[in-house]
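In: give me a 3D structure for the following:
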Amino acid sequence: MGIKKVLLIGHNFSPEPTGIGKYNGEMIAWLASHGYDCTVVTTFPYYPQWKVQAPYHNKWWWYKKEILKEPGKTDVTIYRCPSYTPADPTGKKRMIQDMSFWSSKIWQILKLVALRKKFDLIITVAPPFHLAFLGLMVRKLTGGKLIYHVQDLQIEAAQDLNILSNQTMFSRLYKMEKNILDGADYVSSISDGMIKKIEEKVDKKVIFFPNWADTSYFYPLDDRQTLKTKWGFSADDVVYLYSGAIGEKQGLENIIFAAEQVQHDNHIKFVICGSGPYKEKLIELAEARALKNVSFLPVQEKDVFNKFLNMADFHLVLQKSNAGDLVMPSKLTTILAVGGVSIVTAAQDTSLHNVVEKYNVGYIIPPEDHVALANKITEVKADLNVELKRANSRQYAIQYLNIDRIMQSFIDNVSVTEKEIA
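Out: Next up is the predicted model:
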């Protein structure tokens, strides 16, 4: 299949700095830089703050068309649609958000169809999974091929994390997802563990399409001690950094509990950087314990983010045990690119556990065990092998996370027929 025109239908997009929006934005930027004619139907940037970011605003009647022009790239057309954005995103409110976005987008999709716009490749990204129905509709009315890309197994995650409890609702959602999996021309996902779970649902080969890192933009720096002083720490402090979304599924309260346990060591410092609905709760927990070794920072600007990541002696990549292989922490790719070493919570036989162990790029502890976390934090300070792990991390990023390799493989995979990949 010759691909020239690409349509992305996704909830999150650039300029969101983290999560799915980051990867959707970088994917389209790569395609545009390689001559593909790209159109995006999305909403206004709101993540991870859960508030639409300036200069945008979110009015139910406001649709916005943008033409993104950059030297050396084909123009990208972006249609932004309104959606309900809850400041306190509970499970029910997120469902309302997903439905509001679907409702607002369908008008934009029908408009594209009415204007006889045709696309060779239609990409929908889950979550939210149900946007794929819009992709199926575009394909039916105008042709092309549909790829359904799974970043998180949204339904299983909602079930295992007890975000929703209505089993009848879950049965219906799984049936809807099965219709999407059967109807899509291609299905892809980001880790071996998630691919295995998806292939248990559908008789179809699932394409491996991992998240990537820009290894030329994010790279190791030598002056960690100097960098620490720029963020207010002493050169001899040992900084443990969590940077990313702050929600329930990460179990970040364990950082607070571990910080309380090691507060006798004046040189151990924790940084929780990011935004999200759980941040205020964490601040309350830290204040209730009068902790002096925990700092909360906002999302850092991209132009200082490489230095910020290099400032940390160790990174914290945490998630709850029931997240398992349902989600893959996207922050890990950038940490590896800067040669960062992480303390990772991961259960045995998950993709995350296997990568960290096989390539010796970090330390693994059981999920939701703040005692194990505190002990590991104390232990790794004196680990003589840490520099080897830093080198391994950078080497892994260069070998496996290079965006050019991953995107070219993706294009190759969606350019073959279903029969060829079966």
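In: drop to CA atoms for contacts and neighbour counts, all remaining ones
Out: Noted.
In: helices or strands next to the helix or strand hosting residue 394 in the packing?
Out: Element membership for residue 394, per DSSP states H and E: helix 386-400. Contact here means 3 or more C-alpha pairs under 8 Å, 6 or more residues apart in numbering; DSSP states H and E; on that basis helix 386-400 packs against helix 331-337, helix 351-359.
In: just send these back as a markdown table, with distance to residue 5, mean pLDDT and mean neighbour count too.
Out: Formatted as a markdown table, these follow (distance: least, C-alpha to C-alpha, whole Å; pLDDT from 0 to 100; neighbours: other C-alpha atoms under 10 Å):
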| stretch | distance to residue 5 | mean pLDDT | mean neighbour count |
| --- | --- | --- | --- |
| helix 331-337 | 28 | 91 | 25 |
| helix 351-359 | 33 | 89 | 16 |
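In: how about JSON lines for those helices, with distance to residue 89 added?
Out: JSON lines is the format used below for the helices and strands packed on helix 386-400 (distance: least, C-alpha to C-alpha, whole Å):
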{"stretch": "helix 331-337", "distance to residue 89": "21"}
{"stretch": "helix 351-359", "distance to residue 89": "26"}
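In: just the strands in the stretch 251-400 of the chain please.
Out: Here the stretch 251-400 of the chain has its strands, by DSSP state E, counting those that start in this stretch, at 268-273, 294-297, 314-317, 342-345, 362-365.
In: and residue 286, which of those strands is closest to it?
Out: Residue 286 lies closest to strand 294-297 among the strands of the stretch 251-400 of the chain, at 7.3 Å (C-alpha to C-alpha).
In: can you name every helix or strand that the closest one contacts?
Out: strand 268-273.
In: can you list the strands that the strand it packs on pairs with?
Out: In the sheet, strand 268-273 lines up against strand 238-243 (parallel), strand 294-297 (parallel) (DSSP bridges).
In: quick one, what contacts residue 74?
Out: The neighbours of residue 74, taking C-alpha atoms under 8 Å, 6 or more residues apart in numbering as the test, are 32-38.
In: swap that for residue 273, please
Out: 241-244, 296-300.
In: what subset of those is buried?
Out: Neighbour counting with 16 or more other C-alpha atoms under 10 Å marks 241-244, 296, 299 as buried within the contacts of residue 273.
In: average pLDDT across stretch 136-143?
Out: Stretch 136-143 carries an average pLDDT of 96.
In: could you export it as CSV, CA atoms only?
Out: Output of stretch 136-143 as CSV, limited to C-alpha atoms (Å, rounded to 0.1, in the frame of the first residue of the first chain):
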residue,chain,number,x,y,z
LEU,A,136,-14.0,2.8,11.0
MET,A,137,-16.6,5.3,9.7
VAL,A,138,-14.0,7.3,7.8
ARG,A,139,-12.7,4.1,6.2
LYS,A,140,-16.2,2.9,5.2
LEU,A,141,-17.1,6.3,3.6
THR,A,142,-13.8,7.3,2.0
GLY,A,143,-11.6,4.2,1.9
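In: what's in contact with stretch 232-245?
Out: Outside stretch 232-245, the residues that reach it (C-alpha under 8 Å, 6+ apart) are 18-19, 48, 225-226, 228-229, 267-276, 299, 311-317, 331, 381.
In: please apply the same query to stretch 303-313.
Out: Contacts of stretch 303-313 (C-alpha under 8 Å, 6+ apart): 217-221, 224-225, 227-228, 238-241, 300, 335, 338, 340-341.
In: ok, now with 7 Å
Out: 218, 220-221, 224, 227-228, 238-241, 338 (C-alpha atoms under 7 Å, 6 or more residues apart in numbering).
In: what of stretch 332-346?
Out: With C-alpha under 7 Å, 6+ apart as the criterion, stretch 332-346 contacts 212-213, 215, 218-220, 310, 314-319, 352-353, 361-367, 389-391, 393-394, 397.
In: residue 410 sits in which helix or strand?
Out: helix 403-414.
In: repeat that for residue 47.
Out: Residue-wise, residue 47 maps onto no helix or strand under DSSP H and E.
In: again, but for the one 10 residues further on
Out: Secondary structure here is read from DSSP H and E; on that basis residue 57 sits in neither a helix nor a strand.
In: please compute how far the helix with the most length in the chain lies from its chain's middle.
Out: Looking across the chain with DSSP state H, the single longest helix is helix 91-114. For helix 91-114, the separation from the chain centroid amounts to 21 Å (computed by C-alpha atoms, centre = their mean, to the nearest Å).
In: mind listing what's buried in it?
Out: Here helix 91-114 shows 94, 96-102, 104-106, 108-109, 113 as buried, counting by 16+ other C-alpha under 10 Å.
In: I'd like the next helix or strand past it.
Out: Following helix 91-114 in sequence order, the next helix or strand is strand 121-126 (DSSP H and E).
In: for that following strand, which strands pair with it and how are they oriented?
Out: strand 5-9 (parallel), strand 145-150 (parallel).
In: tell me which of those strands lies nearest to residue 55.
Out: Comparing those under C-alpha to C-alpha, the one sitting nearest is strand 5-9, at 22.1 Å.
In: what about the closest residue in space to residue 146 that isn't next to it in sequence, how many residues close to it?
Out: Spatial nearest neighbour of residue 146, chain neighbours left out: residue 122 (4.7 Å); criterion: C-alpha to C-alpha, 6 or more residues apart in numbering. As a burial measure, residue 122 scores 27 neighbours (other C-alpha atoms under 10 Å).
In: list the beta-bridge partners for residue 122.
Out: Beta-bridge partners, per DSSP bridges, of residue 122: residue 7, residue 146.
In: ok, now which ones touch it?
Out: Contacts of residue 122 (C-alpha under 7 Å, 6+ apart): 6-8, 135, 144-147.
In: neighbour count for these - can I get that in CSV?
Out: Formatted as CSV, these follow (neighbours: other C-alpha atoms under 10 Å):
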residue, neighbour count
6, 23
7, 25
8, 23
135, 25
144, 21
145, 24
146, 25
147, 23
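In: pLDDT weak spots in the chain?
Out: Residue ranges of the chain with pLDDT under 70: 1, 161-164, 321-328, 417-422.
In: for the residue lying closest to residue 410 once chain neighbours are set aside, list the residues it contacts.
Out: For residue 410, ignoring the flanking residues on the chain, the nearest one in space by C-alpha to C-alpha, 6+ apart is residue 209 at 6.4 Å. The contact partners of residue 209, by C-alpha under 7 Å, 6+ apart, come to 188-190, 406, 410.
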